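Q: please work out how this folds:
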Amino acid sequence: MTRKQGTGGDLPRCDEMDHLDLLDPARADTPAGRRVGVEIEFAGLGEDRVAELVAGHLGGEITRTGRFDREVKGTRLGDIRIELDTSFKDKLANAPELVGTLAHQVIPAEIITGPLPETALPELDKLAEIMREAGAEGTRSGLTAGFGVHFNPEQTDADVSAILPVMQAWAVLEPWFRQHEPMSIARRALPFTSPWPEALRAALLQLDPARTQMSELIDLYLTHAPSRNFGLDMLPLFRSIDEDRVTARLGADAPSARPTWHFRLPSSRIDEPGWTVTGEWEKWRTVEALAAMPRLLERTARDWLQNFRGRPFSEGAWVERLDRVLRDH
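A: From the prediction side, this is the model:
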């Protein structure tokens, strides 16, 4: 292939890309009954008001679980937690004058669900609409609004043949997502926004799922990305598979073990009409769809390795290439 030069300047704006049409998410090979936990961050509403709105829509009883935390027990979607962003709680505890000002305008509140069936996600679309009408503010509400949305899809198959292709699909697609969903200044300044290192992407895309051992894959990830500061954080899943290996490398910094992927989206656009949780979920399903198409995955991986790896300013050209290749599928 001949690589087309360019910077991607004529790409659609991210607000024109709300519905991914590049790959049919129905191609994704996911087990029946797979569940997903959801975390939605936003500002503008206090934790008590958020809890009232959750209970009003989904039922349940509100309990106070901490100074800044609430839980709505027994909703139609199970127990739902409402928490102030954990990275700021200690600071607020020592600066009570900030509560009610910064706490609800700059520091995000989070709605956190337990594992839900995918068919329940439209309930969260309606809840997001209720929050928007009540004054919830998303990423684009200001320069300091560093909010995101997280998904925790269950991964019941711990075999490397089930996990490596998804990681390879993310390695291929991550630049595309980042260019079509630019992050706010605040989000870039906060943790959890870094792309996977190029060395990790290159190593992953050269692995054969049929010949790779799980220990090899985990060691590779721990060598190049031994923190949680990435859009796709593998540490909880890897610890659930091989706890000793992860804790030996990370010690007290190792996250809790969970048999889930941890997928962080760089923005929460809850205050924008038409934005939905299910629309954001389609992005993860798109990653899974590419993982389920081994020939296309191999083709795109080889293309990046041969024509784009290690070249300065190549990300825009790679995104242009993906636009063309994926629209053909």
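Q: now for residue 276, how many residues are close by?
A: For residue 276, the tally of surrounding residues (other C-beta atoms under 10 Å) stands at 19. For glycine as for every other residue, the C-beta is placed from the backbone atoms N, C-alpha and C.
Q: that one and residue 258: what is the separation?
A: Residue 276 is 25 Å from residue 258, where distance means C-beta to C-beta, to the nearest Å.
Q: per-residue pLDDT, the nearest residue to residue 125 once chain neighbours are set aside?
A: Of all residues not flanking residue 125 in the chain, residue 276 sits nearest, at 4.4 Å (C-beta to C-beta, 6 or more residues apart in numbering). pLDDT, residue 276: 94.
Q: does residue 276 touch residue 123 like I think?
A: No. Under the criterion of C-beta atoms under 8 Å, residue 276 makes no contact with residue 123, lying 11.3 Å away.
Q: show me what residue 72 is bridged to.
A: On the basis of DSSP bridges, residue 72 is bridged to residue 62, residue 80.
Q: give me the number of residues near it?
A: Neighbours of residue 72 using other C-beta under 10 Å come to 26.
Q: now do residue 127
A: A count of nearby residues for residue 127, using other C-beta under 10 Å, gives 24.
Q: in a helix, it, correct?
A: Yes. Assessed with DSSP: H, G, I helix; E, B strand; the rest coil, residue 127 lies in a helix.
Q: test my guess that it contacts residue 54.
A: Yes. Counting by C-beta under 8 Å, residue 54 is a contact partner of residue 127 at 6.7 Å.
Q: any chance you could list residues touching both of those two?
A: Listed as contacting both residue 127 and residue 54 by C-beta atoms under 8 Å, 6 or more residues apart in numbering are residue 111.
Q: can you pull out the helices in the protein?
A: Using DSSP state H, the helices assigned to the chain run over residues 47-58, 86-93, 102-105, 121-134, 160-180, 185-189, 198-205, 214-224, 235-241, 243-250, 277-291, 294-307, 315-327.
Q: distance of residue 262 relative to residue 50?
A: 23 Å.
Q: low-confidence bits of the stretch 151-300 of the chain, can you list those?
A: Within the stretch 151-300 of the chain, the ranges that satisfy pLDDT under 70 run 181-193.
Q: what about residue 262 and residue 50, which has more around it?
A: Taking other C-beta under 10 Å, residue 262 and residue 50 do not tie; residue 50 has more neighbours (27 against 22).
Q: ok, now which ones touch the more buried one?
A: 70, 82, 109, 111, 131.
Q: check it and give its pLDDT.
A: So, for residue 50, pLDDT stands at 95.
Q: same deal with residue 92?
A: pLDDT recorded at residue 92 is 56.
Q: do residue 2 as well
A: You'll see residue 2 listed with a pLDDT of 33.
Q: what of residue 45?
A: The score at residue 45 is 89. That number is its pLDDT.
Q: for it, which non-adjacent residue is closest in space?
A: residue 136 (5.5 Å).
Q: again, but for residue 158
A: That would be residue 241: by C-beta to C-beta, 6+ apart, it lies 5.0 Å from residue 158.
Q: measure that neighbour to residue 163 for me?
A: Counting by C-beta to C-beta, the gap from residue 241 to residue 163 is 8 Å.
Q: the two: who's more crowded?
A: Comparing residue 241 with residue 163 by other C-beta under 10 Å, the one with more neighbours is residue 163, at 23 against 20.
Q: on that earlier part again, mind listing which of the contacts of residue 50 are in strands?
A: 70, 82, 109, 111 (DSSP state E).
Q: how is this structure divided into domains?
A: Domain assignment of the chain by automatic domain parsing yields the ranges 35-148, 155-259+293-329.
Q: in the stretch 1-150 of the chain, where is pLDDT below threshold?
A: Scanning the stretch 1-150 of the chain with the threshold set as pLDDT under 70 gives 1-29, 85-106, 140-146.
Q: run the last query once more with 80
A: 1-32, 85-108, 139-147 (pLDDT under 80).
Q: circling back: any common contacting residues for residue 241 and residue 163?
A: In contact with both residue 241 and residue 163: residue 214, using C-beta under 8 Å, 6+ apart.
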